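Sequence plus the predicted model coming up.
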Amino acid sequence: GAGVSQSPSNKVTEKGKDVELRCDPISGHTALYWYRQSLGQGLEFLIYFQGNSAPDKSGLPSDRFSAERTGGSVSTLTIQRTQQEDSAVYLCASSLGALDEKLFFGSGTQLSVL
Amino acid sequence: AQSVTQLDSQVPVFEEAPVELRCNYSSSVSVYLFWYVQYPNQGLQLLLKYLSGSTLVKGINGFEAEFNKSQTSFHLRKPSVHISDTAEYFCAVSDYGGSQGNLIFGKGTKLSVKP
């Protein structure tokens, strides 16, 4: 596609439920990033994929968070047993590969946990 | 580990005035530096980046930033702002000497340009 696509754009869920967020990067981009943007907290790095591998998972806030990427393309971020503090905008970005490359961001998924 | 500090969470300024948004970073290895901008109701987009070479980097919309290694700073400047520059600006750093493949962002500075 023309840009990074994220779905759903908005998700409202009840505390304790699992949610799955999807990111479709720009075709040909090997690097994929997940960030979380909370009010007053800026952009919090969650995880980075180079191809299907995630060299560093230390940014994930807890073991309730997991992410995978298949076929070097689509990525899903799963949050199990959601908590109210998980409410945020989850942003996905992709780049051609190297760390000096420009990141292209999706519009994000606004997650609200009631 | 790297970190980024944006000292000002909000910067109000009048139209046509100069502006400087401050950014300091810490890293034990050499870094790349970036400024991203998020206009209201839009996604993040790259404003400019420093990789190597000249320490003064020019970006889109008349913005520029200067890399100062001794002060570990990468402040963003514009000599005359417009109403349309109202947005949130994020400074970011990535290391190319380390093993981590992530881009660390500051908490952002909200620039509000008033007529």
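It's in. Numbering: from 1, shown residues only, chains lettered A, B, ... in the order given.

contact partners of the helix or strand of chain B with the lowest mean pLDDT?
Every helix and strand in chain B was compared by mean pLDDT, DSSP states H and E; the lowest is strand B:103-105, with a mean of 84. Outside strand B:103-105, the residues that touch it by C-beta atoms under 8 Å, 6 or more residues apart in numbering or on different chains are A:33, A:35, A:42-45, A:48, A:99, A:103, B:2-4, B:34, B:36, B:90-94. C-beta: built from backbone N, CA, C; applies to glycine.

For the residue nearest to B:Leu21 when sequence neighbours are not counted, which residues are in contact?
Distance criterion C-beta to C-beta, 6 or more residues apart in numbering or on different chains; nearest residue to B:Leu21, sequence neighbours excluded, is B:Leu76 at 4.3 Å. Contacts here follow C-beta under 8 Å, 6+ apart; on that basis B:Leu76 touches B:20-21, B:23, B:35, B:47-48, B:63-65, B:89, B:91.

Can you check those residues and name whichever has the most neighbours?
Highest neighbour count within those: B:Cys91, with 29 neighbours (other C-beta atoms under 10 Å in any protein chain shown).

Figure out the helix or strand that that residue lives in.
strand B:87-95 (DSSP states H and E).

And that strand, how far out from the chain middle?
5 Å (C-alpha atoms, centre = their mean, to the nearest Å).

now stretch A:57-75
Using C-alpha atoms, centre = their mean, the offset of stretch A:57-75 from its chain centre is 8 Å.

Convert it to PDB, retaining C-alpha atoms only.
Extracted in PDB, the C-alpha atoms of stretch A:57-75 (Å, rounded to 0.1, in the frame of the first residue of the first chain):
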ATOM      1  CA  LYS A  57      12.000  -7.200  23.500                       C
ATOM      2  CA  SER A  58      12.900  -5.300  26.600                       C
ATOM      3  CA  GLY A  59      10.600  -2.400  25.800                       C
ATOM      4  CA  LEU A  60       7.500  -4.500  26.200                       C
ATOM      5  CA  PRO A  61       5.900  -3.200  29.400                       C
ATOM      6  CA  SER A  62       4.900  -6.600  30.800                       C
ATOM      7  CA  ASP A  63       4.600 -10.300  29.900                       C
ATOM      8  CA  ARG A  64       1.000  -9.500  28.900                       C
ATOM      9  CA  PHE A  65       2.400  -7.900  25.800                       C
ATOM     10  CA  SER A  66       3.600  -9.900  22.800                       C
ATOM     11  CA  ALA A  67       4.200  -9.200  19.200                       C
ATOM     12  CA  GLU A  68       5.000 -11.200  16.100                       C
ATOM     13  CA  ARG A  69       5.700 -10.600  12.500                       C
ATOM     14  CA  THR A  70       5.200 -13.100   9.700                       C
ATOM     15  CA  GLY A  71       6.500 -13.200   6.200                       C
ATOM     16  CA  GLY A  72       8.500 -10.100   6.800                       C
ATOM     17  CA  SER A  73       5.400  -8.000   6.500                       C
ATOM     18  CA  VAL A  74       2.300  -7.800   8.700                       C
ATOM     19  CA  SER A  75       2.800  -7.500  12.500                       C
END
